[in-house]
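Engineer: kindly return the folded structure for what I paste below:
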Amino acid sequence: MLTAISAATAVSPLSANAGVSADPQSVLHAAMESVDHDNLFTRIGVRPLINARGTYTIITGSRSLPQVKQAMLEASNYFVHLDELMPAVGSEIAKLMGADSAIVTTGCEAAIALATVACVAGTDPERTQSLPYVKRKSQVIIPKHSRNPYDFGVRMSGVEIVEVDSEEELRSKLSEQTAMIYILSSPAAEKGPLSIPNICSIAKEKGIPVFVDAAAEEPLVPNIHIAHGATLVGYSGGKCMRGPQAAGILLGQKDIVQAAWFNAAPHHNWGRALKVGKEEIMGMLAAVREWYKRDHTAEQREWLSWLQHIESRVKSLPSVTTEYLQPEDLSNRSPQLRIHWDANQLKITGTELVERLDKGTPRILVDEGTGKRPDHMQSSVVIMPYMMAPGEDKIVADAIYEALTHPGHYENPLIPQGAPAQIAGNWAVELKYTRGTGEQHFALQQDGDQLTGTQAGELYKANLKGVVHTDRIELTSNMEVPGNSIPWTFRGIVAGSNISGSVHMGEYGEATWTAVKN
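Structural biologist: Have a look, this model is predicted:
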C-alpha cells in the first residue's frame, strides 16, 4: 500500500529524509496508508481526497512540509513572549526574502487587512482604538485590473475603495485621504500605465505606500515587487511554500510592518481577532528556510513526469487529445495537463467525470471539468500536479482511464414537452436564506421557451437568461459586486402567477425562492 512516507522521493519536498528527526516523539507526520482507509478524518465522517486541483483554501491548500510539522510540534511544547518572538522570526524571514522587515500573519488576507490598518492608523493608540469609526486616512486606491474577491481584506476596515482605470485617473485621485494603493500581482499588473513599477513610481512622489498581493507567487530573491518600488508585499504560507495553512507573510518597509504587528493580536487593537500562534510562526519560519533550499527545477521536472504518465495512460483512447498549460507568472507555477475528448464517443462528459472521481474510492479532485448533455459533448478536465504526492499520479491515471473506458450509463436530461408557461412580465421575488430573507425583482421577456431579463437585488443588479419548459423554469445570472460576483441559478415550477423553487449561489450555498407576478 502506498504511503506518504514510503512513496516520497529525494526530489519531492515531502521527502521523509529531508532533515527530519527520526525520534518517534518528534516525527511530524504519520504514514498515510490511503485517503479512504481508516484515519482521523474518516472516523468523523469526512472523506479526505487526492488533490489534483491545486492550492485552493476550500480543499485545505497545500500539504505542509515535514520540517514545518516538526517545527510546529516542537513550538507547541514551549511558552515564549510573542513580542520577542515575532521580531526575531521576522528578522530572519526578512533577510531570507530580501526585505527590510517581516511578520507572520494568519494568511495573506490577514496581511492585506493589517497592512491597510497600519497605513490608516499607524501606531497612534487613540487612532487604532477609534477604528473603524474614525480614520485619519479613509481611502485606498485599487486599479480596476486588481479588483478581486481578496480585496475584502482592504474593505474590512471600512475604508472607501477608489477604483482607477488610467494613469491620469490615478494621479487625480491621490489625496490626503489616500492611505494606501493595493495591487494584485498578475500579468495585467506587469504592463501598461497601471503596471506595478509605474504605480509605485507615481505613489512615491506623494509618499503613499503600495501593497502588492503576491499570495500564490514564488518568493524570488531579490524580491521583484520591492525591486519595482513596492512598500509592502503579502504572501500566503499555505501555497507554494507549503507552510502552515493558516499562515502568511507581510514584508516590506519596517515602520509599516511594525505598525501592522502593533494592530494585530495579541495586542488589543483592530486586528485582535487575527491571532497567529507560536506554532504557525515557527512553522512559517521553517517553510521559508526550506524554500531557499529546495530544488525547484527538479520539482518541476517531477510534476511534469507525473502529467506525462497520466497522458500516456489515456492518449490512445478514441478522440482523446492533450495539451500542456504553462503558468503565466510566478503564481501556481506548475505545468498542468488538459485532457480533451468527445463524449459522444467515450460516453462521459467532463462534468460527469469530475463528479465520478469526487464520489469514487479513493476520492480525487481534478479541475475545470467541461461538457454538458446533450448539446455540449466536447469535454475536458485539467490535472494540476502541484499538491500531489509521489505515486498519486498512477492512482489518478488509473481512475481517469477506468472512467473513460468503462463510463457506465448516463441519460440526457429529460426535457418536459408541451407549451411553455407564459411568464413575461414583472415578478416580486422573496428569498429565504439559511438565516434571513431577501427581496428581489425580476423583469422578464420571453421568446418561445427562451427567457431574458433583469434581476434587481437589494443592492446590486444583473442580467438574467434562461429557459422555460412547460412549467419548469431555470434562470441564471452573474451579479457583479465589489471585487467579486455572485452566481445565481434559479430553478422552479410555475403555477399561474406564482413560481417557487430553489436557488444555487456557488460558494454561498443554496436558498429557496418564491415569486409573485405583479
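Engineer: give me the below-cutoff pLDDT ranges for this protein.
Structural biologist: 1-33 (pLDDT under 70).
Engineer: let me know the secondary structure of the nearest residue to Val354 once chain neighbours are set aside.
Structural biologist: Leaving aside its sequence neighbours, Val354 sits nearest to Gly369 (C-beta to C-beta, 6 or more residues apart in numbering; 3.5 Å). (Each C-beta comes from the backbone N, C-alpha and C, glycine too.) Following DSSP: H, G, I helix; E, B strand; the rest coil, Gly369 is assigned to strand.
Engineer: burial count for Gly369?
Structural biologist: 20 (other C-beta atoms under 10 Å).
Engineer: that one and Asp358, how far apart?
Structural biologist: Per C-beta to C-beta, to the nearest Å, Gly369 is found 10 Å from Asp358.
Engineer: next: Thr178.
Structural biologist: 46 Å.
Engineer: between those two, who's got more neighbours?
Structural biologist: Taking neighbours as other C-beta under 10 Å, Thr178 and Asp358 compare with Thr178 leading, 21 against 14.
Engineer: report the contact partners of the more buried one.
Structural biologist: Counting by C-beta atoms under 8 Å, 6 or more residues apart in numbering, Thr178 makes contact with Lys137, Gln139, Val140, Ile141, Val162, Lys206, Ile208.
Engineer: possible to save these as JSON lines with distance to Gln308 and secondary structure?
Structural biologist: What follows is the contacts of Thr178, written out as JSON lines (distance: C-beta to C-beta, whole Å; DSSP: H, G, I helix; E, B strand; the rest coil):
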{"residue": "Lys137", "distance to Gln308": "53", "secondary structure": "coil"}
{"residue": "Gln139", "distance to Gln308": "50", "secondary structure": "strand"}
{"residue": "Val140", "distance to Gln308": "45", "secondary structure": "strand"}
{"residue": "Ile141", "distance to Gln308": "45", "secondary structure": "strand"}
{"residue": "Val162", "distance to Gln308": "48", "secondary structure": "strand"}
{"residue": "Lys206", "distance to Gln308": "51", "secondary structure": "helix"}
{"residue": "Ile208", "distance to Gln308": "48", "secondary structure": "coil"}
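Engineer: closest to Ser186 out of the residues you listed?
Structural biologist: Relative to Ser186, the closest of these is Ile141; by C-beta to C-beta it sits at 16.7 Å.
Engineer: and for the closest one, the neighbour number?
Structural biologist: 26.
Engineer: quick check, it in contact with Gln177.
Structural biologist: No: contact criterion C-beta atoms under 8 Å: Ile141 and Gln177 do not qualify, at 10.1 Å.
Engineer: the domain parsing of this protein - what is it?
Structural biologist: 66-291, 296-405, 425-517 (automatic domain parsing).
Engineer: gap between Val46 and Arg242?
Structural biologist: Remark: distance between Val46 and Arg242 (C-beta to C-beta) = 22 Å.
Engineer: swap in Val140?
Structural biologist: Taking C-beta to C-beta, one finds Val140 at 31 Å from Arg242.
Engineer: Glu169 too?
Structural biologist: 40 Å.
Engineer: which one's more surrounded, those two?
Structural biologist: Per other C-beta under 10 Å, whichever of Glu169 and Arg242 has more neighbours is Arg242, with 26 against 16.
Engineer: need the contact list for that one.
Structural biologist: Contacts of Arg242 (C-beta under 8 Å, 6+ apart): Pro13, Ser62, Arg63, Ser64, Leu65, Val68, Ala287, Glu290.
Engineer: again, but for Arg53
Structural biologist: Per C-beta under 8 Å, 6+ apart, neighbours of Arg53: Ile59, Leu365, Val366, Asp367, Met384, Met387.
Engineer: out of these, which are buried?
Structural biologist: Buried members of the contacts of Arg53, scored by 16 or more other C-beta atoms under 10 Å, are Leu365, Val366, Met384, Met387.
Engineer: including secondary structure, could the residues you listed go into JSON lines?
Structural biologist: What follows is the buried ones among the contacts of Arg53, written out as JSON lines (three-state DSSP):
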{"residue": "Leu365", "secondary structure": "strand"}
{"residue": "Val366", "secondary structure": "coil"}
{"residue": "Met384", "secondary structure": "coil"}
{"residue": "Met387", "secondary structure": "coil"}
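Engineer: mind picking the two most distant members of those?
Structural biologist: Every pair of the buried ones among the contacts of Arg53 checked by C-beta to C-beta; the farthest is Val366 and Met387, at 12.0 Å.
Engineer: how many neighbours does Val117 have?
Structural biologist: 30.
Engineer: do the same with the one 3 residues further on
Structural biologist: Using other C-beta under 10 Å as the criterion, Val120 is surrounded by 25 other residues.
Engineer: adjust the sequence numbering to begin at 30 for everything that follows.
Structural biologist: From this message on, residue numbering opens at 30, which makes the last subject Val149.
Engineer: longest helix in the chain, please.
Structural biologist: Ranked by residue count and defined by DSSP state H, the top helix of the chain is helix 325-343.
Engineer: contact partners of it?
Structural biologist: 38, 40-42, 247, 349, 351, 353, 362-366, 368, 412, 414-415, 417, 419, 421-423, 425-427, 429-430, 433.
Engineer: identify whichever of the domains of the chain lies nearest to Ala448.
Structural biologist: domain 454-546 (7.0 Å).
Engineer: and that closest one, how far from the chain's centre?
Structural biologist: Distance, stretch centre to chain centre, for domain 454-546: 27 Å (C-alpha atoms, centre = their mean, to the nearest Å).
Engineer: what about it, start to end distance?
Structural biologist: 7 Å (C-alpha to C-alpha, to the nearest Å).
Engineer: list the contacts for the closest residue to Leu359 other than its chain neighbours?
Structural biologist: Leaving aside its sequence neighbours, Leu359 sits nearest to Glu246 (C-beta to C-beta, 6+ apart; 4.0 Å). Shown in contact with Glu246 (C-beta under 8 Å, 6+ apart): Ser214, Tyr264, Cys269, Asp358, Leu359, Ser360, Arg362.
Engineer: run the last query once more with 7 Å
Structural biologist: For Glu246, the contact set (C-beta atoms under 7 Å, 6 or more residues apart in numbering) comprises Ser214, Tyr264, Leu359, Ser360.
Engineer: phi, psi of the nearest residue to the last one once chain neighbours are set aside?
Structural biologist: On the basis of C-beta to C-beta, 6+ apart, the spatially nearest residue to Ser360 that is not a chain neighbour turns out to be Ala245, at 4.0 Å. Backbone dihedrals for Ala245, given as degrees, to the nearest 10, come out at phi -100, psi 10.
Engineer: ditto for Gly136
Structural biologist: Dihedral angles for Gly136 - degrees, to the nearest 10 - are phi 130, psi 170.
Engineer: so where does His470 fall, helix or strand?
Structural biologist: Secondary structure from DSSP states H and E places His470 in strand 466-476.
Engineer: who are the packing partners of the very next helix or strand once past that strand?
Structural biologist: Counting by DSSP H and E, the next helix or strand C-terminal to strand 466-476 is strand 479-485. Packing partners of strand 479-485 (3 or more C-beta pairs under 7 Å, 6 or more residues apart in numbering; DSSP states H and E): strand 466-476, strand 490-498, strand 501-510.
Engineer: what's the second one packed up against?
Structural biologist: Under the contact criterion of 3+ C-beta pairs under 7 Å, 6+ apart, the helices and strands touching strand 490-498 comprise strand 479-485, strand 501-510.
Engineer: each with direction, which strands does that strand pair with?
Structural biologist: strand 479-485 (antiparallel), strand 501-510 (antiparallel) (DSSP bridges).
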